[in-house]
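> Build the 3D model from these lines:
(one chain, ligands or ions: 1)
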Amino acid sequence: MKSLQVLIALGIMSADAGAGSWCNAPPAPGFEELEAVDVSDGWFKVYAVAPGVFAIHEPRQYETVTAFLVAGTERAVLFDSGLGIASIRRIVDRLSPLPVTVINSHTHFDHVGGNREFTDVRNLDLPFSRASARGEAGEELREYARDTLAEDRVCGPLPAGVTGRDYAMQTWTVAAHVRDGERLELGGRTLEVLATPGHTPDSLCLLDVENGLLLTGDTFYAGELYLWAPETDVKAYAASIDRLAALAPGLKRLLPAHGPPVADPGLLRELQAALESIEAGSTPFETTGQGQRRYEFRDFSILTAGPAGAKSN
Ligand SMILES: [Zn+2]
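Numbering: from 1, shown residues only. Here you go, the predicted structure:
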């Protein structure tokens, strides 16, 4: 999940523009230099972001969410499956003939929408993931997801057969569980699962140490980072960022799930410092209409629950 403010900040959407004006805009900052791959069906936009790694981006819904297909020589991992508005399976099949394992960065609705199109779907084994797979999201999340296809959140026509009232959170069957430290051998490429709780309890990143890639899900993207939801644990998040920031010197690029699909690993150190300054109470913030606190930094902002919604842990 992320907010309209991100799109405004990224220059994808102007503050006073209605839907329809941002999808026709020139490439937003962070997209101009990416290599587009022509397999799109009009809903997804695909970019080659590293050898054997494709970003499958949904630029026309305001989450601007990205799933990543990471291919080895024997199998591929699809890291997240998008909003579920158009078939991500059709795009994946055009990109690779290999058997595909879906691993979700976490189980918010905008990362699991296409899970039902695959048989091999894996999550961490946690109460939050189990509830998500059964379609039992919390009320705040349901409310947030309900308007996914509202007029002001979609630009341009919806895929054939989809209407604005159709959006529903999906359920799926988990084929296997992954755990922290697990290594997935794809043939000539290894991905390591890093459990990074915080944004949600079941958040995880995938590390391709050989190629210097870190797929960060919603744990990091260069936009407005959501740390306000009831399922968020800010202390756990800070510990996860400490862990990731320690990896930064060995990384070439981050592959985040919202906004530009490529980011500089040095931003993890900036985020670590930002969280320390918030914890120390030394960063000014503005209070949103919903009582959340917004902290602005150079390359991202952080939205936390206000004092009323703050966790005691
Ligand atoms: Zn999320």
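
> wait, residue 210 sits on residue 189?
Yes - contact criterion CB atoms under 8 Å: residue 210 and residue 189 qualify, at 7.0 Å. Just so you know, the C-beta spots here come from the backbone N, C-alpha and C atoms, and that holds for glycine as well.

> of the two, who's got more company?
residue 189 (22 against 10; other CB atoms under 10 Å).

> Name the nearest residue to the residue of the stretch 201-313 of the chain found nearest the ion, ignoring sequence neighbours.
Closest residue of the stretch 201-313 of the chain to the ion, CB to the ion: residue 218 (3.7 Å). Nearest residue to residue 218, sequence neighbours excluded (CB to CB, 6 or more residues apart in numbering): residue 199, at 4.8 Å.

> And that neighbour, which helix or strand is it part of?
Counting by DSSP states H and E, no helix or strand carries residue 199.

> going forward, begin numbering at 9 instead of 1
New numbering, starting at 9: the last item is residue 207.

> Phi first, then psi, for it.
Backbone geometry at residue 207, expressed as degrees, to the nearest 10, gives phi -50, psi -50.

> tell me the contacts of it?
The neighbourhood of residue 207, defined by CB atoms under 8 Å, 6 or more residues apart in numbering, consists of 114, 225, 226, 227, 233, 234, 235, 240, 245.

> For the protein, give me the ranges with low pLDDT.
9-35, 316-321 (pLDDT under 70).

> Show me which helix runs longest in it.
The residue-count maximum for a helix in the chain (DSSP state H) belongs to helix 274-287.

> circling back: from what I can see the residue of the stretch 209-321 of the chain closest to the ion touches residue 265, true?
Yes - taking CB under 8 Å as the definition, residue 226 is a contact partner of residue 265 at 5.5 Å.

> related to what we said a few turns ago, separation between the residue nearest to residue 226 and the ion?
With distances taken as CB to the ion, to the nearest Å, residue 207 is found 6 Å from the ion.

> So which residues on the stretch 159-308 of the chain come close to the ion?
residue 226 (CB under 5 Å from the ion).

> rerun at 6 Å
With CB under 6 Å from the ion as the criterion, the stretch 159-308 of the chain meets the ion at residues 207, 226.

> where exactly do the helices run in the stretch 159-308 of the chain?
242-253, 274-287 (DSSP state H, counting those that start in this stretch).

> Please, which helix or strand holds residue 100?
Using DSSP H and E, residue 100 sits within helix 96-103.

> Show me what that helix is packed against.
Packing contacts for helix 96-103, counted by 3 or more CB pairs under 8 Å, 6 or more residues apart in numbering; DSSP states H and E, involve strand 61-65, strand 74-79, strand 84-87.

> among these, which is nearest the ion?
With respect to the ion, and counting by CB to the ion, the nearest of the helices and strands packed on helix 96-103 is strand 74-79 at 12.4 Å.

> and that closest one, how far out from the chain's middle?
In terms of CA atoms, centre = their mean, to the nearest Å, the centre of strand 74-79 is found 11 Å from the chain centre.

> if you skip the residues just before and after it, what's nearest to residue 229?
Counting by CB to CB, 6+ apart, residue 264 is the residue found nearest to residue 229 once chain neighbours are left out, at 3.5 Å.

> correct me, but that neighbour touches residue 230?
Yes - at 6.8 Å, residue 264 counts as touching residue 230 under the criterion of CB under 8 Å.
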